[in-house]
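Engineer: The sequence and its predicted three-dimensional model are supplied below.
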Amino acid sequence: ARHVKMDAKTELINALSLQMKRVDGLLALAVTDNDGVLMMKVAPPGETVTEEIDAIFTNSFLATAAMSAEQASKVGMGKTTSCVVSFEKYQVVYIMASPLVMHLLGKTEMNTGLVLSMVQDFKKILAPVIDMKLPQSLM
């Protein structure tokens, strides 16, 4: 068998995808910078990011998370670390990992507590991007 060396982005996507497998109902994960600029979209193993999910992950939708977190931080309770938003068909968990924001899109019945308990796992996977401030061209 031939060994194919994966690039850094592919390794990150594969590691995030494997983490996602732990949560039933987690449909997709988007990683953006603090301004909402999309860096990557990830689906669980064996799944793809559908057109419907692509339609949800618009630039304006992704940019809203960072703006909301910034506004929420102004109420005097400290820095916003995560946020959960529920919709009729979906829920979104935003995880602030400056300079990144993770947007985890799931079905309404997704176990939100489990997702929130995995924050450090997701951050550990993205540590090379968070800590080393890798250029966006890598992403």
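Structural biologist: Arrived safely, thanks for sending. Residues are numbered from 1 along each chain as shown.

Engineer: Excluding sequence neighbours, find me the nearest residue to the spatially most central residue of the chain.
Structural biologist: When C-alpha atoms, centre = their mean is applied to the chain, the residue found nearest the centroid is Met102 (2.7 Å). Once its chain neighbours are removed from consideration, Met102 has its nearest residue in Ile95; the separation is 4.2 Å (C-beta to C-beta, 6 or more residues apart in numbering). (Each C-beta comes from the backbone N, C-alpha and C, glycine too.)

Engineer: tell me which strands and helices the host helix or strand of that neighbour is in contact with?
Structural biologist: Taking DSSP states H and E as the definition, one finds Ile95 inside strand 90-97. Contact partners of strand 90-97 among helices and strands, from 3 or more C-beta pairs under 8 Å, 6 or more residues apart in numbering; DSSP states H and E: helix 59-72, strand 82-86, strand 100-107, helix 112-117, helix 119-132.

Engineer: Ok, which of these comes nearest Leu26?
Structural biologist: Proximity to Leu26 (C-beta to C-beta) singles out strand 100-107 among those, at 4.6 Å.

Engineer: Can you check what angle separates that closest one from helix 119-132?
Structural biologist: Counting by axes from the mean of the first three to the mean of the last three C-alpha atoms, to 10 degrees, strand 100-107 points 150 degrees away from the direction of helix 119-132.

Engineer: now the angle from strand 100-107 to strand 82-86?
Structural biologist: 30 degrees.

Engineer: and strand 100-107, which strands flank it?
Structural biologist: Each strand that pairs with strand 100-107, with its direction, by DSSP bridges: strand 26-33 (antiparallel), strand 90-97 (antiparallel).

Engineer: what's the most buried one of the ones you listed?
Structural biologist: Across those, the average number of neighbours (mean count of other C-beta atoms under 10 Å) peaks for strand 26-33, which reaches a mean of 23.
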